Each structure stands twice: as C-alpha cells, then as structure tokens.
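In: Curious how this folds, go ahead:
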Amino acid sequence: MQLIDATPVSTSLPQREGKVLTLCLAWIRRYGLVLITYIGATWLTDPHFMGDTVGYAGAILTPKFWETAHLLLYPIGWLLSQVFMPFTRLVFGADARTNVIMTLITINWLAGLLSIFMIHSLASRISGREWAANLTTIAFILSQGFLDYAQTGCSYVPGLALLLLSLYLLVRDGENAAPSFRKGLPAGLALAGAVGLWFPYVLSVPAVLAAPLFLFGRQHRRWQFVLQTFVAFALITTLMYGGAAALNHIRTGAGFMEGFSSSARYMTAVTGINGAPRTAFGLARSFLNVGNDGRMYKRFLLHDPLNPVSFVDLFRLSLGKLLLFYACVGGMIATLLRVAPGRRILGLLLLNSIPVITFGLLWQGGDMERYLPLYPLFFASLAYAVGSDRSSLLFKFIAIVFVVTVAATNAGAMAPAVSDRRQAQVVARIEDLVPLLNANSLVATINQQDEVWAFYWTFPFHPINRAGSLSVYEIMNPGTSMAPHWRERFASRVLSTWAAGGDMWISKRVLSPHPRGEWNWVEGDDSRVTWADLYGFFSHLEHGKSSGGDDGFWLLSPSSSNRDVLMSLR
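Out: Numbers count the residues shown, from 1 in each chain. Predicted coordinates for the structure are as follows:
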C-alpha cells in the first residue's frame with residue numbers, strides 16, 4: 001500500500017479532484033473484482049451452518065461478559081446491538097434476539113469485507129502478481145469456512161480480519177522496519193484483538209510475528225520490530241483478560257479456565273472425535289463443502305455394521321474433491337521448495353500449520369472453523385506459488401480447477417433454494433406437532449445431528465423459532481463425557497418436564513431396530529453407546545398418541561410404569 005502525500009494548500013480544486021479521481025480509479029482496478037465477488041457470493045448464498053450464533057445472541061442479552069474463548073464478542077455485540085436496536089427494530093420487529101443476531105451478522109459481513117482487502121493486499125505484496133492475488137482472494141472468498149461464517153453471528157471472521165490486519169501490517173512495515181513502538185503497536189493491538197475474539201487464533205501468533213523475519217531476513221532491526229510488536233500484543237492481551245477477570249471477580253486459575261466454552265469441557269478422547277483421519281477430512285472440509293459425506297467417511301473408517309460403506313462408495317461421493325484439495329496443497333509445496341524465497345514462505349506456513357493441525361488432532365478436528373487460523377498464510381503461500389515463474393503448468397491447472405471446484409461446490413451447497421428445501425423438510429416433520437405443545441413441553445431427538453434439534457440453531461428467523469414454541473433436547477451426545485449417562489439424564493429431564501406440567505415427545509426414530517442411512521447415526525462413533533441400547537430402552541416404554549408420519553414423534557405416557565422406570569434411573 002503506497003501512501004499518498006497530502007495535497008499542498010496551493011493546489012487548485014480541479015487538480016485535487018483529479019488526484020482523488022485517479023486514486024479512486026486505481027482502487028477500483030485493484031479491488032473491484034474481489035469486491036464484486038464478495039458482494040455477489042454473499043448475496044447469492046445462505047450460510048449452510050450458523051454455528052453458535054443463537055447461543056451468542058442469548059448470552060449477549062443476559063448479558064454475559066466472560067468467556068475466555070470469545071472474550072470480546074459479548075461486550076462488542078452488546079454495545080453495538082444497543083446502539084443499533086432502535087434502527088434494527090424498524091426492520092426486524094421487536095424481538096430482541098432477532099435484532100442481536102442481525103447486528104452480529106452485520107459485524108461479520110463487514111469483517112469479511114476487511115478480510116478480503118487484507119488478503120488481497122497481502123497476496124499481492126508477497127506474490128508480486130496482481131492476477132495471482134485476484135485468483136487466491138476469490139478462492140478465499142468462496143472457501144466454505146469463510147463464506148459460511150461471514151454470514152453468521154460467530155466471532156471467527158471478525159477475529160480472522162484482525163489476524164489478517166496484523167499480518168499485513170507486520171509484512172508492510174517489516175520490509176524496511178526501523179525500530180519503532182509506534183509501528184509495532186497497531187499490529188500488536190490487532191493480534192490481541194484476534195485472540196480476544198476467538199482464542200484459538202493464538203495458535204497463529206508465532207507465525208504472524210515471525211513473518212518479517214522469514215520473508216525479509218533476520219536483521220537486528222527486524223528482530224527489534226518483532227519484539228516491540230510482541231510486547232504490545234502481550235501487554236494488551238494481559239490487560240484485556242486481566243481486566244475482564246477482575247470485573248467478573250475471578251481470582252483463581254480454575255475460575256479463569258471455567259470461562260472457556262462449555263462444549264470444550266465435555267469433550268473426551270473417544271473414537272470418532274479425534275485422530276488423523278478426522279483431521280485430514282476436516283482440513284479439506286474447511287475449504288470445500290462435502291455435505292454429509294463426513295458421516296460416510298466415519299462409517300467407512302469405523303466399519304459401521306448397521307450402514308456399511310465401501311471404498312467404492314467413498315470414491316463415488318467426494319473422494320475426488322479431497323484428492324483435488326491435497327493435490328493442490330502438494331503442488332503448492334513442491335513449487336515453494338524450488339526457490340529460496342519459496343522455502344522461506346513454506347517454513348512460515350509450517351510454523352503456522354504445526355500448532356493448528358496438532359490442535360485439530362487433539363480436539364474436534366472435523367470442524368471447519370478449526371483451520372481458519374491457517375487461512376492467511378495458506379492463501380498468501382498459494383498466491384506466491386501460483387504466480388511464481390518456477391511453477392509448472394500442471395500446478396497452475398490444478399490450482400485453477402481447485403478454485404472452480406470450490407466456487408461450484410460451495411455456491412451450490414449454500415444456494416438459497418437448498419436452504420429453503422432443508423428448512424421445509426424439518427417443518428414437514430414438526431408442523432403437526434407444534435400445535436400440541438404447551439409452554440413446558442419438550443421434544444427429544446436422538447442427537448444433535450437430527451435436523452429437528454438443529455432447526456433452532458440453523459434457521460433462527462423461522463416463525464416457529466421466533467415464537468419460541470419448540471424446545472428440543474438431545475437424548476445422547478456421542479463423544480462427550482455425558483454419553484454413557486444418557487439414560488440418567490433422560491430420566492431427569494422427563495421427570496422435571498412432567499413436574500412442570502409439560503409433555504415429553506420423542507422422535508419415532510428410536511423405535512426403529514435399525515437406523516436409516518440418512519439419520520446421521522454412525523455405529524462405533526462412540527464405543528460406549530450403541531443403537532441397540534437406544535432401541536432396547538425406548539421400545540419397552542409405554543407410548544401415548546403420535547404426531548406426523550413415519551418420521552414424526554410419539555408422546556411418552558406419564559403412566560405409573562414409565563414413572564417407575566425413570567425413577568429407578570435417578
């Protein structure tokens with residue numbers, strides 16, 4: 001980015017207007033294509049997965065201002081939603097949750113806009129090729145992890161925008177760095193902000209700080225610049241978390257760790273949650289939508305006896321997309337190895353990749369957001385490799401095919417028509433049930449992968465969800481510490497629901513002796529629970545009336561027999 005000298009006072013108005021026009025045209029030539037791509041992509045798609053957007057909105061309304069994994073999201077979301085609530089209510093009505101969600105989505109979209117400018121500027125500076133910067137920025141925009149979360153209320157994209165901003169400032173000022181805390185402060189502030197918005201971005205901190213040293217050399221003045229940036233980052237992060245802990249009267253390490261998201265506390269190292277196969281699949285899934293093929297891969301790897309999947313089945317599904325992704329990665333690495341600057345970039349990418357992928361191996365490696373900390377240096381490396389004179393025609397061809405595949409696959413999966421069809425399928429299962437529910441009724445699905453459980457989180461603007469007329473509980477959550485105790489938890493929820501005057505409605509799926517392939521059940525995903533356990537338990541309970549068709553729900557009778565069974569489990 002080239003700084004423009006201020007116009008002298010004596011410069012005439014036409015001259016100043018001419019310079020402004022020239023500057024605007026240069027800006028449009030540089031960013032016009034990626035800007036149009038971003039606006040078009042977010043206009044023509046809907047998020048396939050909303051993440052914890054609804055939960056964040058609820059926490060902001062509480063208000064909740066302490067969760068170490070998303071420390072800054074809650075105060076920022078609360079402040080901006082309070083500022084804009086009078087205006088958003090004019091469009092979205094009086095429902096506070098809906099207004100907060102729309103505020104969070106707006107923050108994400110604007111953060112996505114900043115991200116594309118930063119990734120383009122970074123790719124252009126590192127590759128020296130405008131067309132390579134355009135190509136990789138378009139790939140960045142259309143990657144599933146970015147395109148999806150830029151349209152939600154999660155904190156991942158705002159954090160990514162600040163991570164990119166910090167990296168760009170370090171690369172821009174690090175090339176000819178003179179030791180100056182004034183230059184290190186903005187980069188350190190942005191880096192601390194990224195970590196404050198989503199703590200796993202801390203995994204990228206070493207690589208981001210080391211970028212000037214890898215890219216331009218390890219001269220003493222650059223070491224000073226990096227050290228000044230690190231000091232700024234460390235001070236701001238300490239003040240940020242220390243101040244938040246003090247405001248919430250947290251004095252112990254245990255209290256501090258309690259702030260991490262509740263889901264992390266329940267994860268355990270059981271079959272199907274961690275491991276190299278899941279990480280390899282999750283890394284590719286972060287870039288390419290593979291639908292429910294992840295379920296098929298798990299069935300293949302775990303030799304699911306209830307819904308077996310062969311290697312041929314995998315190949316017919318999405319194995320080709322995975323091979324294309326890793327062929328592109330392999331070609332990029334081979335190209336970077338050919339020249340000294342490329343090897344330095346590859347070293348930086350490895351410094352970034354090792355902690356991120358290790359984290360994926362240890363915890364929920366299949367989640368696509370797990371690899372967002374890799375995005376800045378991955379796409380910068382791809383831009384350099386594609387634009388390099390030493391890159392082969394084969395690699396350029398693979399890279400272009402990869403970008404086209406990313407665009408076609410993700411745009412198709414996130415098309416509004418697809419989203420509307422998914423929503424309609426869920427509504428068809430519950431539309432006869434909802435009128436039968438009272439304020440304290442509870443609907444039980446097998447797990448969180450059931451579309452009815454996910455309905456509240458995926459389609460928060462549907463009238464059923466806005467009215468709050470559907471409360472859903474998952475019977476078991478494979479892969480968590482609670483999984484072996486699903487009967488006890490179920491008994492407790494039923495008895496408390498009955499005590500409050502509500503009814504318990506249960507998915508008819510539990511009465512099938514064999515799960516259908518589309519039900520998202522993978523036998524062996526958690527060795528501590530089986531489908532036979534589920535079927536055996538519910539088939540012996542007394543049933544009341546039912547709602548919906550074969551995939552509907554049945555009423556658990558509050559009979560003395562059922563009460564005795566449930567009381568024995570408490």
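In: what helices or strands is the helix or strand harbouring R29 leaning on?
Out: Element membership of R29 [criterion: DSSP states H and E] is helix 13-43. When contacts are defined as 3 or more CB pairs under 8 Å, 6 or more residues apart in numbering; DSSP states H and E, helix 13-43 packs onto helix 96-127, helix 130-142. Quick note: C-beta positions are derived from backbone N, CA and C, even for glycine.
In: Quick one: mean pLDDT for the shortest one?
Out: Taken as a whole, helix 130-142 has an average pLDDT of 95.
In: mind listing what's buried in it?
Out: In terms of neighbour count (16 or more other CB atoms under 10 Å), helix 130-142 has its buried residues at 132-142.
In: Then the first one?
Out: Within helix 96-127, the residues that qualify as buried by neighbour count (16+ other CB under 10 Å) are 96-105, 107-109, 111-127.
In: cool, and stretch 449-467?
Out: Under 16+ other CB under 10 Å, the buried positions of stretch 449-467 are 449-460, 464-465.
In: so S381 sits right up against V329, yeah?
Out: No - at 9.6 Å, S381 does not count as touching V329 under the criterion of CB atoms under 8 Å.
In: the more surrounded of the two?
Out: Using other CB atoms under 10 Å as the criterion, S381 and V329 rank with S381 on top: 27 against 18.
In: so where's the protein shaky on pLDDT?
Out: Along the chain, segments meeting pLDDT under 70 span 1-17, 64-65, 177-181, 252-275, 292-294, 315-318, 365.
In: Strands along that one, start to end?
Out: Taking DSSP state E as the criterion, the chain carries its strands at 442-445, 472-474, 504-507, 543-547, 553-556.
In: Now render those as CSV, adding mean neighbour count.
Out: Putting these into CSV (neighbours: other CB atoms under 10 Å) gives the following:
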stretch, mean neighbour count
strand 442-445, 22
strand 472-474, 18
strand 504-507, 25
strand 543-547, 15
strand 553-556, 21
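In: now the ones you listed as a markdown table including distance to L209?
Out: Below are the strands of the chain laid out as a markdown table (distance: least, CB to CB, whole Å):
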| stretch | distance to L209 |
| --- | --- |
| strand 442-445 | 45 |
| strand 472-474 | 41 |
| strand 504-507 | 50 |
| strand 543-547 | 58 |
| strand 553-556 | 54 |
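In: domains for this protein, by residue range?
Out: 20-413, 419-567 (automatic domain parsing).
In: Might one say that N352 is in contact with L374?
Out: Yes - assessed by CB under 8 Å, N352 is found in contact with L374 at 6.1 Å.
In: Quickly list what's touching both of the two.
Out: Residues within reach of N352 and of L374 at once, by CB atoms under 8 Å, 6 or more residues apart in numbering, are S204.
In: Compare those two and say which is more crowded by neighbours.
Out: N352 (26 against 23).
In: For S381, see how far away the closest residue to that one other than its chain neighbours is.
Out: Among residues not flanking N352 along the chain, A207 sits closest, at 3.6 Å (CB to CB, 6 or more residues apart in numbering). For A207, the distance to S381 (CB to CB, to the nearest Å) stands at 11 Å.
In: what residues are shared contacts of these two?
Out: Common contacts of A207 and S381, defined by CB under 8 Å, 6+ apart, comprise 348-349.
In: ok, residues contacting stretch 486-499?
Out: 440-442, 444, 473, 475-477, 482, 503-504, 529, 537, 556, 558, 563, 565-567, 569-570.
In: residues of the helix holding R29 that come out buried?
Out: Of the residues in helix 13-43, 30-31, 33-35, 37-38, 41-42 count as buried by neighbour count, 16+ other CB under 10 Å.
In: Out of those residues, the closest to R251 would be?
Out: T42 (43.7 Å; CB to CB).
In: Surely the closest one touches F146?
Out: No - the pair T42 and F146 fails to qualify as a contact (CB under 8 Å) at a distance of 10.3 Å.
In: What are the buried residues along stretch 357-366?
Out: Judged by neighbour count using 16+ other CB under 10 Å, the buried positions of stretch 357-366 are 357, 359-360, 364-366.
In: export the residues you listed to a markdown table and tack on distance to Y297?
Out: What follows is the buried residues of stretch 357-366, written out as a markdown table (distance: CB to CB, whole Å):
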| residue | distance to Y297 |
| --- | --- |
| I357 | 18 |
| F359 | 20 |
| G360 | 15 |
| Q364 | 15 |
| G365 | 12 |
| G366 | 9 |
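In: can you tell me which residues contact Y473?
Out: Counting by CB under 8 Å, 6+ apart, Y473 has contacts 442-445, 493.
In: now for the residues you listed, which pair is the farthest apart?
Out: Pairwise distances across the contacts of Y473 peak at 12.5 Å for T445 and R493 (criterion: CB to CB).
In: Dump stretch 380-392 to PDB, keeping only the CA atoms.
Out: The C-alpha trace of stretch 380-392 is given here as PDB (Å, rounded to 0.1, in the frame of the first residue of the first chain):
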ATOM      1  CA  ALA A 380      -0.500 -16.000   0.800                       C
ATOM      2  CA  SER A 381       1.600 -19.100   0.100                       C
ATOM      3  CA  LEU A 382      -0.800 -20.200  -2.700                       C
ATOM      4  CA  ALA A 383      -0.600 -16.700  -4.300                       C
ATOM      5  CA  TYR A 384       3.200 -16.900  -4.300                       C
ATOM      6  CA  ALA A 385       3.300 -20.400  -5.700                       C
ATOM      7  CA  VAL A 386       0.700 -19.800  -8.500                       C
ATOM      8  CA  GLY A 387       2.400 -16.500  -9.500                       C
ATOM      9  CA  SER A 388       5.900 -18.000  -9.400                       C
ATOM     10  CA  ASP A 389       7.900 -18.300 -12.700                       C
ATOM     11  CA  ARG A 390       9.000 -21.700 -11.400                       C
ATOM     12  CA  SER A 391       5.500 -23.100 -11.000                       C
ATOM     13  CA  SER A 392       4.600 -25.800 -13.600                       C
END
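In: Sweet, I'm off.
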